[in-house]
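[1] coordinates only, sequence not included:
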């Protein structure tokens, strides 16, 4: 059974940090890109960041570049998104997704459940 388990969301003040984790199982982690998306009710889903275990490609959206860092631990089948200097506009439900090969993720082969990030001003 394929699983993507997102965790690490919570409430933080503006300027603070959070670390999201996406634990994967049930597929060949080394062949996939793992990405983070976020969505606010009433708005389109936004691709935030991606890392490919297959070809090493990386992706960051303009809105988070320089503040967020994505990393992958192949031994633990886990991708981490370190979010620093958080802003109220980063408030959203964050989802992780997996897609074969490289970044950016387009439609995703697999999706995890969301984790809520709330940044207070």
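    Everything's here; your move. Bear in mind that the values here come from a model prediction, so they are computed numbers and not experimental data.
[2] tell me the pLDDT of the most centrally placed residue in the chain.
    In the chain, the C-alpha closest to the average C-alpha coordinate belongs to residue 36, at a distance of 2.4 Å (C-alpha atoms, centre = their mean). With respect to pLDDT, residue 36 has a value of 98.
[3] did I read that right, it in a helix?
    No. Looking at residue 36 with DSSP: H, G, I helix; E, B strand; the rest coil, it is strand, so not inside a helix.
[4] list the contacts for it?
    20, 22, 47-50, 70, 79, 81, 94-97 (C-beta atoms under 8 Å, 6 or more residues apart in numbering). (C-beta placed from N, C-alpha, C; glycine too.)
[5] not counting residues beside it along the chain, what's closest to it?
    Take residue 36 and drop its neighbours on the chain: the residue closest to it by C-beta to C-beta, 6 or more residues apart in numbering is residue 48, 4.5 Å away.
[6] heading C-terminal from the helix or strand that the one you found is a member of, find the next helix or strand.
    Per DSSP states H and E: residue 48 is located in strand 46-52. Per DSSP H and E, strand 46-52 leads on to strand 58-60 as the next helix or strand towards the C-terminus.
[7] now the strands for the chain?
    Assigned by DSSP state E, the strands in the chain fall at 3-7, 10-13, 18-25, 32-39, 46-52, 58-60, 68-73, 78-83, 92-100, 110-111, 115-120.
[8] out of those, deepest packed?
    Most buried of these, by mean neighbour count (mean count of other C-beta atoms under 10 Å): strand 32-39, with a mean of 25.
[9] name the helices or strands packed onto the strand holding residue 48?
    strand 32-39, strand 58-60, strand 68-73, strand 78-83 (3 or more C-beta pairs under 8 Å, 6 or more residues apart in numbering; DSSP states H and E).
[10] possible to save these as a markdown table with distance to residue 5?
    Listed next are those as a markdown table, based on distance: least, C-beta to C-beta, whole Å:
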| stretch | distance to residue 5 |
| --- | --- |
| strand 32-39 | 12 |
| strand 58-60 | 22 |
| strand 68-73 | 14 |
| strand 78-83 | 9 |
